[in-house]
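Chemist: here you go, sequence then predicted model.
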Amino acid sequence: MSTLALDAEALYLELLAGVRAMFRPGMRLVGVTSGGVWLAERLQRDLGLSDKVGVISSSMHRDDFARRGMTSGAQTQIDFDVNNAQIILLDDVLYTGRTIRAVLNELFDYGRPSAVRLAVLVDRGGRELPVAADFCAARVALPASQSLSLARSASGVFSFNVEAG
């Protein structure tokens, strides 16, 4: 595992500005486990929001469940009525679009939101499904043999890890 030469903290500040620009009163933040949840929690604090962020897991709706199995991430916890809610869905890295497809299916198990906007820290391309972020702080190109993920230190500082797949 190595650290990618992207400054995750600087990209977080860009994400904060982008989410601040798209945020409207009454919108709710929902983070995809685990990196998206870390982003949502920090955004909640930095935007001064009192509402608890939602946590959403893709594990129950993965189309590659047989290959990946159950992940060790947190389970879905949404403590607000999803029906007619305006949601900003947060994830650390957008790649194939399969995780976003799975979490949208999970979200609709809880109700029908009026709008879902996607904000990501990094879009690495390589889409297999027609999914696009409303906001991304950076676009990077990595070989398909590598995976990119957000890491968080004990003090809450963000960095990136890149691993050979």
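Modeler: Now that the structure is in, tell me what you want to look at.

Chemist: next SSE downstream of the least confident helix or strand in the chain by mean pLDDT?
Modeler: When each helix and strand of the chain is scored by mean pLDDT, DSSP states H and E, strand 2-3 comes last, with a mean of 45. Reading on from strand 2-3 to the C-terminus, the next helix or strand found by DSSP states H and E is helix 8-22.

Chemist: show me the contact partners of that following helix.
Modeler: Contacts to helix 8-22, defined as CB atoms under 8 Å, 6 or more residues apart in numbering, come from residues 29, 39, 42-43, 46-47, 88, 90, 117, 119-122, 134-135, 137-138, 150-151, 157-160. Glycine gets a C-beta too; all of them are placed from N, C-alpha and C.

Chemist: of those residues, which belong to helices?
Modeler: If you go by DSSP state H, these have Leu39, Arg42, Leu43, Asp46, Leu47 in helices.

Chemist: ok so, going back, give me the buried subset of the contacts of helix 8-22.
Modeler: Among the contacts of helix 8-22, the ones that count as buried by 16 or more other CB atoms under 10 Å are 29, 39, 42-43, 88, 90, 117, 119-122, 135, 137-138, 150-151, 158, 160.
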